[in-house]
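Participant: give the three-dimensional model of this entry:
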Amino acid sequence: MLPSISAAKRLGVVLFASMLAICTSAFAQESTGRIDGTVVDVTGGSIPGAKLVASAPVLPRDMETVSDGQGNFSFPVLPAGVYSLTVTKEGFTPVKQASIRVTLGSKITINPRLAVGQLTQTVEIVETAVSLDITSSQTSTNITAEAASTLPRSRNFNSLLAMAPGVRLEPKSGSAGVGGVSVDGASGSENIYVIDGVEVSNTLNGSLGGTFNIPFEFLREIQVKSGGFESEYGGATGGVVNLSTKSGTNDLHGEAFLQFTSSQLNPRPRGFWQGSPLNADAPDFFAAKEDNYRRTYPGFTLGGPILKNRLYFFQGYSPELVNTTRTIQYDSAAQTVAANRAIGTRVYNNQTIQHYALSRLDYSATSKLNINTSFLWSPSRNSGTLANADIRRAPPANDLSVTGGFSPVKAYTASATYSLSPSLVVSARYGYKYENNKASNYGLPGLAFYTYNTASAASKVPVPAAYAG
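Facilitator: Below you'll find the model as predicted:
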């Protein structure tokens, strides 16, 4: 009976590992791609036992595999990047395929053809391999960092999402224009946003918001899935926005940058129609005077090796600093409300800082074991509130300079991938996201606060008798 028990245990371990590999293989597609194929000779016959090596700047160590008895091979978990594939077999001339672009979720098929020859010669193929998956009905668009750097865009990645077919921006329906991304007619709250395999969608309204709208300098690739995506994205009835962050390489690289804009460089805001503050039944066109503001975007990125061909790091920090001053002259000649003339001139100030910091480590313990982890820190602080710019409206009675708040936000992810054999890969991932929206928790009164809204200054305010005075 003991041999039977031992065999059953071994069988159970194999079945569990197989199920884990199958389940995590689809999950790993969130931040990786794959290369599959068959090694053949000039007659089309399969070549078993061929050694294949995939190398790329984003890999601390080359990944290796061996073709099976039918000549098939697979690199199922490859970070997005440009790869070269080298195939060697004793008695055949080595073949090197260069410029293989692996994108998020891509499945590239390459069938290396080896000819009889000497190992001292190498056939190099520089033609770019095309990613075409005929087994899937998924519709997706990939935007690489190289492509993004040549396109007109804003500071953050959401400005390029409309490049994907069926995607339309609706800035008025979401924070920072990100919550208002409509995919194939769905609302912004029906999308899912993923960074390095961790979902960062707002749990209250489903949008992304400004806290995770990270700068382009941190991103390696953007993927927008608009249909036919995997069941792991079951919470998305609109689209999936998948982001992959940059990693270090064997060479030390970095950049420092500074961008800014101000009220002197931009036109005044456009006017708009509103309900008249003097007559609830009349429309009113209001064009506010331009605030005095300054927006500054400093930052840096640095990536490179900690241990050559073993351990890479990437670090980036890019805050967004906004300072706005609003001067309201209630006693100006244009004032039509006599009670407001006595108020004089008031100055209001608002300062916001949105932090974006990214730390990432990539470690290749062996050619079969790869580990990576990333930490994103993006809290925001808001100090002061601006009063309504319409001089016909009474200013607030409380001190707006003490209002504001601080919202702590962070996300952490770690993953490990181990290739047990050319046909069996085990992958594990951990993700954690924390967000506490406290953007307006400063200066809150300790006593009960009553407010009454009225559509017209000429109408009677419905004050209860107990509070009338």
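Participant: how close does residue 389 get to residue 285?
Facilitator: Per CB to CB, to the nearest Å, residue 389 is found 14 Å from residue 285. Every residue, glycine included, has its C-beta placed from N, CA and C.
Participant: where is the longest strand in this structure?
Facilitator: strand 292-307 (DSSP state E).
Participant: strand partners of the next helix or strand after that one, parallel vs antiparallel please.
Facilitator: Sequence-wise, the next helix or strand downstream of strand 292-307 (DSSP states H and E) is strand 311-317. If you go by DSSP bridges, strand 311-317 pairs up with strand 292-307 (antiparallel), strand 357-364 (antiparallel).
Participant: need the ones you listed in a markdown table with mean neighbour count, distance to residue 403 and mean pLDDT, can you?
Facilitator: A markdown table is the format used below for those (neighbours: other CB atoms under 10 Å; distance: least, CB to CB, whole Å; pLDDT from 0 to 100):
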| stretch | mean neighbour count | distance to residue 403 | mean pLDDT |
| --- | --- | --- | --- |
| strand 292-307 | 16 | 18 | 95 |
| strand 357-364 | 20 | 26 | 94 |
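Participant: any chance of TSV for those strands, columns distance to residue 198?
Facilitator: Formatted as TSV, the strands paired with strand 311-317 follow (distance: least, CB to CB, whole Å):
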stretch	distance to residue 198
strand 292-307	20
strand 357-364	13
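Participant: show me the one of these that comes nearest residue 55.
Facilitator: Comparing those against residue 55 with CB to CB, the closest turns out to be strand 357-364 (11.4 Å).
Participant: and that closest one, how far out from the chain's middle?
Facilitator: 16 Å (CA atoms, centre = their mean, to the nearest Å).
Participant: and for stretch 80-94?
Facilitator: Worked out by CA atoms, centre = their mean, stretch 80-94 lies 33 Å from the chain centre.
Participant: for it, buried residues please.
Facilitator: 80, 81, 83, 84, 85, 86, 87, 88, 89, 92, 93, 94 (16 or more other CB atoms under 10 Å).
Participant: the residue most central in space within the chain bridge partners, please.
Facilitator: Centroid check for the chain by CA atoms, centre = their mean gives residue 243 as the closest residue, at 4.1 Å. Beta bridges link residue 243 to residue 195, residue 222, judged by DSSP bridges.
Participant: contact partners for it?
Facilitator: 157, 193, 194, 195, 196, 214, 219, 221, 222, 223 (CB atoms under 8 Å, 6 or more residues apart in numbering).
Participant: and if you look at residue 52?
Facilitator: Contacts of residue 52 by CB under 8 Å, 6+ apart are 39, 64, 65, 66, 67, 73, 75, 85, 86, 87, 112.
Participant: at 6 Å instead, please
Facilitator: 65, 73, 87 (CB atoms under 6 Å, 6 or more residues apart in numbering).
Participant: just to be sure, the last one is in a helix?
Facilitator: No - according to DSSP: H, G, I helix; E, B strand; the rest coil, residue 87 belongs to no helix; its state is strand.
Participant: can you tell me the closest non-neighbouring residue to it?
Facilitator: residue 112 (4.3 Å; CB to CB, 6 or more residues apart in numbering).
Participant: same thing with the second one?
Facilitator: Counting by CB to CB, 6+ apart, the nearest residue to residue 73 once its immediate chain neighbours are dropped is residue 67, at 4.5 Å.
Participant: my guess is that neighbour meets residue 50, correct?
Facilitator: Yes - taking contacts as CB atoms under 6 Å, residue 67 lies within contact range of residue 50: 4.4 Å.
Participant: identify the contacts common to these two.
Facilitator: Contacts common to residue 67 and residue 50, judged by CB under 6 Å, 6+ apart, are residue 39.
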